[in-house]
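Student: next input, structure requested:
(chains A and B)
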Amino acid sequence: MSAASNSRLAAPLALGAPLALFFVAFVLAPLLLLAFVSFHNDTDLRDAGVGQYLKFLSDGFNLAVLGNTMWLGLRATLLALVLGFPLALLYSQTPRRWQGALLLVVLLPLLTSSVVRTFAWVVILGRQGIVNSALLELGWIAEPLKLLYTPGAVVVALAQIELPLMVLPLITALANLDGNLTQASRALGAGYWRTFWQITLPLSVPGLLAGGLLVFAASVSAFVTQALVGGGQQVYMPSFMYQQAIEAGNYPFAAAIAMLLLVSVMAVVCLVNTFGRRSKGFVHV
Amino acid sequence: MLFSTGGSGVSIELDHIHHQYGGAVAVESVSLDIQAGELVALLGPSGCGKTTLLRVVAGLTRQTGGSVLIGGEKVDALPTNERGAGIVFQNYALFPHMTVAANVAYGLRARRINAAAARDTAAQMLDLVQMARYASRFPRELSGGQQQRVALARTLAVKPKVLLLDEPFAALDKNLRLDMQIEIKRIQRELGITTVLVTHDQEEAMSMADRIAVMNAGRVEQFDTPEAIYDRPSSLFVANFIGTANLVAGQLLRDGSGYAVDSRDGGRLSIGSAAPCSRVGAVVLATRPEHLAMGTPGDDALSAKVEMVLPLGPSLVYELRLASGDAVKVTQPRTVGSTRYVAGEVVGLRLRPGSPTSVFAA
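Tutor: Below you'll find the model as predicted:
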């Protein structure tokens, strides 16, 4: 590399240095430490090996927890997609002067703590919660329904809490969509729905995948929501990890669980990216 | 190859179309009768309402007032997809995620034509625009001219009753533009499809259109053939907007059987007739540079001083100034024996015999 390009690179590198150092110290180092701990068969970290991984992968209960967690993430993502796409469409068709207000509504959940949002769901879904009280009042049910502490409740709560992560990339994707394309579709004789399925949806795939990944990654690791809305009966990877580390004091096993969750999420990200790059919604005849 | 389009030869009638965005009036009481098979250009500067008018015909914009009739039928209540109006957008708006063939077949599939038939028609249309070789390409792999051909094929594939073109050549470079203008004119003739072309380029409008509607500030200033618009502009705006116009301020006088315009202190110019304004008084006279001849100064001529001579190959352009201060351009063919004037010379300007002029009330 020539001296000239070296000096041209120096300033950007210097500007990036604080973040890089922070990243190394507080993300990379703990992660490596976690990996190091996970490759030990005993809690005293004397006996190195892959025992923790074998233990996890050979037990049906453990695998079920991993499977449940992934399934939870998938359902929360799909629900967020179904709820988020109309919202993003609404935003893109709203007159500019109202868009600010709508965006605030979309962003509001991000501006409140996830603990607060989770407790709101506890209040809504509890035995004496808003939903049950209303249904009882209306006489539609005789006894309170068990809504809280069910997998469904966790899915609904996560979808709502992570919704902004889905809506924001979708809004960007729809904003990048050339308005003439939908008008051309209409002028060629296509109705609203055909235009949506053939033009709007395929061309918002990039935003859809980005939003989906964000919601998925956030949902599978949402310890607070999973624990509070799911209750004790639903065990997901984050609470399983917590149990093993804090309650059982088995740090190597907890570390192995963390690594497996990380690898699983990364595998999903890679899969979706590959799919996204290949398909991009292209249509041949 | 000759195609019969389902609705070839359908008239378009605009009846007092009025449109405003919020408080701003974009189109003001525009009425146009466009005949079946005609190619009409809506010409005007940007912001004159020509694109809004086109979008109203297409049904992409719902006008505030007035009606659109296509083939004699009111279509105001019909959505875009039921009007039978095919539109080609300025940026072509090809679907980027579909192949060329899928783009062209799109409208047919939307009309529930089966896949095989749609593919056949799409192939025919691509033949028509000489793009058959590119059927399996994606739009981003095509040049601007090729994209335009595909956009045209896609629009024509659904056999629209009328063809609407929104600044279709704006994105093309100059050489390609002329090719595509000829090409589109050829196809339009072949199909006999009524076409409305929106453009801000007067040469494009002149060369392509059967009739031109010159628009300004939401109104149609003149709707006539290119020749009539050039020779007999109905307003000062049209005279100025189309071609080059020499504007000379003066007094209109009767002069024998005809008229003359007396420039303030730069002599006078005899003109045969005074139109559109023939009221004696203060006027502005508009003449074309090629309609003026230079000669010896005299009482029957406008006195002007040569300021600059620009040789443009086949012709010379003289930039002159009248004593009143008005600038005048004269083009002179470079024939053998024609007198060449030099800067600083004082000459007399007379109208070439039989040349049209326009007189507007000042």
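
Student: so what does the closest residue to residue A:115 other than its chain neighbours look like in phi/psi?
Tutor: Leaving aside its sequence neighbours, residue A:115 sits nearest to residue A:224 (Cβ to Cβ, 6 or more residues apart in numbering or on different chains; 5.6 Å). Where you see a C-beta, it was placed from the backbone N, CA and C, and this is true even at glycine. For residue A:224, the backbone dihedrals (degrees, to the nearest 10) come out as phi -60, psi -50.

Student: ok, residue A:224 - contacts?
Tutor: Applying Cβ atoms under 8 Å, 6 or more residues apart in numbering or on different chains, we find residue A:224 in contact with A:114-115, A:118.

Student: closest to chain B among these?
Tutor: Using Cβ to the nearest Cβ, residue A:114 is the member of the contacts of residue A:224 that lies nearest chain B, at 36.3 Å.

Student: what separates that closest one from residue B:202, distance-wise?
Tutor: According to Cβ to Cβ, to the nearest Å, residue A:114 stands 63 Å off from residue B:202.

Student: hmm, back to that, if I look at the residue nearest to residue A:115, how far off is residue A:161?
Tutor: Taking Cβ to Cβ, one finds residue A:224 at 9 Å from residue A:161.

Student: what's the overlap in contacts for these two?
Tutor: A:114, A:118.

Student: which single helix of the chain contains the most residues?
Tutor: Chain wasn't specified; assuming chain A. Longest helix of chain A, by residue count under DSSP state H: helix A:60-93.

Student: nope, chain B
Tutor: helix B:174-191.

Student: and that helix, what other elements does it pack with?
Tutor: Counting contacts by 3 or more Cβ pairs under 8 Å, 6 or more residues apart in numbering or on different chains; DSSP states H and E, helix B:174-191 is packed against helix B:144-157, helix B:202-208.

Student: and those helices: which comes nearest residue B:183?
Tutor: When those are compared by Cβ to Cβ, helix B:144-157 sits nearest residue B:183, at 7.6 Å.

Student: and residue B:7, what pLDDT?
Tutor: Looking at residue B:7, its pLDDT is 44.

Student: ok, now residue B:1?
Tutor: The predicted local confidence for residue B:1 is 37.

Student: cool, and residue A:27?
Tutor: Taking residue A:27 on its own, its pLDDT is 92.

Student: report how many residues lie close to residue 142.
Tutor: All of this refers to chain A. Residue A:142 has 7 neighbouring residues, counting by other Cβ atoms under 10 Å in any protein chain shown.

Student: other chain: chain B
Tutor: There are 18 residues near residue B:142, going by other Cβ under 10 Å.

Student: go on, residue B:185?
Tutor: By the criterion of other Cβ under 10 Å, residue B:185 has 16 neighbours.

Student: residue A:176 now?
Tutor: 11.

Student: just residue B:90 next, same as before
Tutor: With other Cβ under 10 Å as criterion, residue B:90 counts 16.

Student: pretty sure it is touching residue B:166, no?
Tutor: Yes. The criterion here is Cβ atoms under 8 Å, and residue B:90 meets it with residue B:166 at 5.0 Å.

Student: for the closest residue to residue B:277 other than its chain neighbours, give me its contacts.
Tutor: Nearest residue to residue B:277, sequence neighbours excluded (Cβ to Cβ, 6+ apart): residue B:361, at 4.5 Å. Neighbour list for residue B:361: B:277, B:279, B:281-284 [criterion: Cβ under 8 Å, 6+ apart].

Student: okay, these in TSV with secondary structure, neighbour count and pLDDT next?
Tutor: Below are the contacts of residue B:361 laid out as TSV (DSSP: H, G, I helix; E, B strand; the rest coil; neighbours: other Cβ atoms under 10 Å in any protein chain shown; pLDDT from 0 to 100):
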residue	secondary structure	neighbour count	pLDDT
B:277	coil	16	86
B:279	coil	10	86
B:281	strand	10	88
B:282	strand	11	90
B:283	strand	24	91
B:284	strand	20	92
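
Student: out of those, which comes closest to chain A?
Tutor: Nearest to chain A among the contacts of residue B:361: residue B:284, at 41.5 Å, using Cβ to the nearest Cβ.

Student: skipping adjacent residues, who's closest to residue 226 in space?
Tutor: Assuming you mean chain A. Nearest one to residue A:226, counting by Cβ to Cβ, 6+ apart, is residue A:236 at 4.7 Å.

Student: sorry, I should have been clearer: chain B.
Tutor: Among residues not flanking residue B:226 along the chain, residue B:206 sits closest, at 4.4 Å (Cβ to Cβ, 6+ apart).

Student: where do the helices sit along the stretch 101-250 of chain B?
Tutor: B:115-128, B:144-157, B:174-191, B:202-208, B:226-231, B:236-241 (DSSP state H, counting those that start in this stretch).

Student: out of those helices, deepest packed?
Tutor: Most buried of these by mean neighbour count (mean count of other Cβ atoms under 10 Å in any protein chain shown) is helix B:144-157; its value is a mean of 24.

Student: chain center to it: distance?
Tutor: From the chain centre to the centre of helix B:144-157 is a distance of 22 Å (Cα atoms, centre = their mean, to the nearest Å).

Student: residues of the stretch 101-250 of chain B that sit close to chain A?
Tutor: Within the stretch 101-250 of chain B, the residues that sit near chain A (Cβ under 8 Å from any Cβ of the partner chain) are B:101-102, B:105-107, B:110-111, B:115, B:119, B:122, B:136, B:138, B:154-155, B:158.

Student: let's see 6 Å
Tutor: B:101-102, B:105-107, B:110-111, B:158 (Cβ under 6 Å from any Cβ of the partner chain).

Student: so which residue of the stretch 101-250 of chain B comes closest to chain A?
Tutor: Nearest residue of the stretch 101-250 of chain B to chain A: residue B:107, at 3.4 Å (Cβ to the nearest Cβ).

Student: ok, now how distant is that residue from residue B:68?
Tutor: Between residue B:107 and residue B:68 the distance, using Cβ to Cβ, works out to 21 Å.

Student: can you tell me the centre-most residue of chain A?
Tutor: Note on chain A: the residue nearest the mean C-alpha position is residue A:215, at 2.3 Å, using Cα atoms, centre = their mean.

Student: in three-state terms, how would it be classified?
Tutor: Following DSSP: H, G, I helix; E, B strand; the rest coil, we place residue A:215 in the helix state.

Student: I figured it hits residue A:80, correct?
Tutor: Yes. Assessed by Cβ atoms under 6 Å, residue A:215 is found in contact with residue A:80 at 4.7 Å.

Student: just list whatever residues bridge to the residue nearest to residue B:277.
Tutor: residue B:283 (DSSP bridges).

Student: sorry, back to before: ok, of the residues of the stretch 101-250 of chain B next to chain A, which come out buried?
Tutor: B:101-102, B:105-107, B:110, B:158 (16 or more other Cβ atoms under 10 Å in any protein chain shown).

Student: tell me the first helix or strand C-terminal of the longest helix of chain A.
Tutor: Using DSSP states H and E, the helix or strand that follows helix A:60-93 in sequence is helix A:96-111.

Student: now the element after that next one, going C-ward?
Tutor: helix A:114-125.

Student: what's the overlap in contacts for residue A:215 and residue A:80?
Tutor: By the contact definition Cβ atoms under 6 Å, 6 or more residues apart in numbering or on different chains, residue A:215 and residue A:80 are jointly contacted by A:162, A:166.

Student: my read is residue B:87 is in a strand, agree?
Tutor: Yes. With three-state DSSP as the criterion, residue B:87 is located in a strand.

Student: okay, it and residue B:11: tell me how far apart.
Tutor: On the measure of Cβ to Cβ, residue B:87 and residue B:11 end up 18 Å apart.

Student: between the two, who's got more neighbours?
Tutor: residue B:87 (28 against 17).
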